[in-house]
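> No sequence on hand, only this structure:
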């Protein structure tokens, strides 16, 4: 049995990882829920975000400015992907959507590799996030604490956009019944474009914010994508609250398990998914008929 | 595309072509930049691909977790050999393959319950789980990130005469022989009844279940077959490289298999092999061009996107499609012309059944309980959707051998009631008995096996299969039971089934159209096929949901005659809006109104019933202005 300080510090790690997974997964889940497309390029977009931070920080010393410009870049990338490729796939079988987004993922990752090589790059921690914070009996890296707060804020604003704006209403209605939304005279296609771009920005932001904490490589997104698949299976396909709660659960499971035996940390996550698939196949927040 | 063998030498043409290519390849391909080692590697990918194509190309299940089975087969074989638990490479390969199959059974058990996106995500997640299990908890056995070095090569023969299958040409020959055997076996599976049903699952999963096949069991079969092929390939990889690498388990491996299959052509069996040749050739040869070293995969990725957008059939698929089109162009044109003629004149070329039903061996089902004359009984069936009572406590009995109609105005609950009769929709309360046996709660597939078949209001055909194959899927259902592993016999080789199909084709007047794909048929023909498929399962009770919907007057008359014929040897329950037809056909009529039973009686009783007149005519009896 590990000591309490170890457990608590792992719980914080779990929170940091969990909020990150929540952000990645909510991008995935709103695209899936609204457009019905499972975005297999999501992992690649995470890496693109991290590299965007890496590049932009070479031109500016302001982390915030880099993030803002990076978001603009991700937004444009999202628009372009939707206009050039994704929109032609709304009426095609799910398998085709998966395949084409997987192909987009390969191309994005290989572009990054061609531009920056396969070696790991380092992104500096912003000046305001340096050092560690003394929290009673626990010393914890400041940037990770800030990361939790920032991502919590982002998730909250995403929540507000989805649940408190008219566009959000269209998106949520689109999840329930895209055909009906179209019949009501709302431009569904434009809403789809926006949703896809927002999803891309969400995962790109996750990549940018996480870049200072990890080694930035072209393939860094693959495992995050696999984990975010588990998260949305846990939370229920297309459910935003499901993605957030599922992300937090996943983060805590990975971190707390590694306090006991690190070799089982990832395995535990998938084991939990298997159990949930037996007990509640539609996920925590999913409805029966969407599964 | 996948077609069953047509007998004789011609049927073996693909096998012969593959055999010749395998023999010629090591002589010709080195000039094109393929080394013998590269060819061996291509064959290894091709071997996993055979199984994957049965799962994806044939059954339509896109798995992103095949690396798990590749890895399990590889590491189990490698561990057994390197730890000297087993010294025979052949035995180790066999055990590794079986281990992969068992793991496939476990993962498949979770995955096949889910469709589409869910299936893909679950397979990917389990693939990742296998990777992490290999990497950490089992690293004492698997070497973790280092893999297992020193895997021995197989040996042929015993003692002094034994031949070590060393790297280079001997290894190529071993892989070529195994691939060829695997290919022949895969072709047999595709041509078997199981293969036919798997293809039908891709076309229309719901209908396959409704006909009585156990869909999850068939999907699981395809999944395990894919896992077995992957496991064998994994075991061979270790021997070939004398090293078992951990990245066999990686997501990258699964993805590479998917890309190769799409590039080469899904549903062609050799597509994955061709895709692998393209992938590995690009990798090895583009790297030689200065400046292209890291771009080869980018090139491949762009090509892949273009293929998915435009040429969805892949290399082999496009070739097969072109070949098939060219050979069958005349037949296809003729079939389309006939459809146009039928639709333009709004009549069927010959509306009367050519073969009278007497010739069809359809015997009246024996009741399960000795004295019962009741085929089907609904006992206070109810279905509530929230506050809406779609059906509210309806009871009625259907006499054996009768034609029984259920009528009622729109929204009376007829369709919901019908769906409950074969457990397509489970009732909120009440139950359905078929010859005294409870149908409620058994599921639509089991209900079909018990002997209830339904033709749907909206056609549920297998659009790309020929009429004959549509009927075959139906006829196989009760003949073979919910599940059978007849992987090696040909789908068209069961005499009873073929006889049944021939009778029903005659009955439907679709003999000339037997080899026409269902989607080309004219509307009336499709309607007849829809009914014919239900009939082909040899049901004891046949449910017809609006069989006359959308038909022209001439077609209606023909179809009514047809239903009357069926009614001589079958219990028929029919929902229909055409009351004239119903009063002529039905011996007994049940009237629903707003979810409740309004009346039940003979046609004459119902016709005279004032409550029924009220319900239908909306109070016109009171001489209200319309």
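That came through, no problem. Remember, predicted model here, so these are calculated numbers, not experimental data.
> Residues in contact with the lowest-mean-pLDDT helix or strand in chain A: which ones?
Averaged element by element with mean pLDDT, DSSP states H and E, chain A has its least confident helix or strand at helix A:178-183 (a mean of 75). Defining contact as Cβ atoms under 8 Å, 6 or more residues apart in numbering or on different chains, one finds that helix A:178-183 is touched by A:34, A:36, A:170, A:173, A:174, A:188, A:191. In this view, the C-beta of every residue, glycine as well, is placed from N, C-alpha and C.
> Recalculate using a threshold of 10 Å.
Applying Cβ atoms under 10 Å, 6 or more residues apart in numbering or on different chains, the external contacts of helix A:178-183 come out as A:34-36, A:90, A:169-175, A:177, A:186-189, A:191-192.
> what about residue 213, which SS state?
No chain was given, so I picked chain A. Look at residue A:213: counting by DSSP: H, G, I helix; E, B strand; the rest coil, its state is coil.
> okay, now it: neighbour count?
17 (other Cβ atoms under 10 Å in any protein chain shown).
> Am I right that it is in contact with residue A:123?
Yes: using Cβ atoms under 10 Å as the test, residue A:213 is close enough to residue A:123 to be in contact (8.7 Å).
> hang on, residue A:104 packs against residue A:86?
Yes: taking Cβ under 10 Å as the definition, residue A:104 is a contact partner of residue A:86 at 8.3 Å.
> what's the overlap in contacts for those two?
By Cβ under 10 Å, 6+ apart, residue A:104 and residue A:86 have these common neighbours: A:39, A:41.
> burial of the closest residue to residue B:176 other than its chain neighbours, as a residue count?
Closest residue to residue B:176 in three dimensions, ignoring its sequence neighbours and counting by Cβ to Cβ, 6 or more residues apart in numbering or on different chains: residue B:22, at 4.4 Å. Neighbours of residue B:22 under the rule other Cβ under 10 Å: 20.
> is it fair to say residue B:22 lies in a helix?
Yes: in this structure, residue B:22 lies within a helix as judged by three-state DSSP.
> how far away is it from residue B:171?
Computed as Cβ to Cβ, to the nearest Å, the residue B:22 to residue B:171 distance reads 14 Å.
> Which neighbours do the two have in common?
Taking Cβ under 10 Å, 6+ apart as the contact rule, the neighbours common to residue B:22 and residue B:171 are B:39, B:43.
> now the strands: where do they sit in the stretch 351-500 of chain B?
Assignment of strands within the stretch 351-500 of chain B using DSSP state E, counting those that start in this stretch yields the ranges B:374-385, B:388-399, B:403-407, B:429-434, B:437-438, B:452-455.
> Can you report how many residues lie near the nearest residue to residue B:155 once chain neighbours are set aside?
Taking Cβ to Cβ, 6+ apart as the measure, residue B:155 lies nearest to residue B:162, with 4.8 Å between them; neighbours along the chain are not counted. With neighbours defined by other Cβ under 10 Å, the count for residue B:162 comes to 9.
> Go ahead and confirm residue B:162 touches residue B:156.
Yes: contact criterion Cβ under 10 Å: residue B:162 and residue B:156 qualify, at 6.5 Å.
> State the pLDDT value of residue 185.
I'll assume chain A. Looking at residue A:185, its pLDDT is 76.
> wrong chain, I was asking about chain B
At residue B:185, the predicted lDDT confidence score is 96.
> Just say helix, strand or coil for it.
For residue B:185, the reduced secondary structure class is helix; criterion used: three-state DSSP.
> Good, we can wrap up now.
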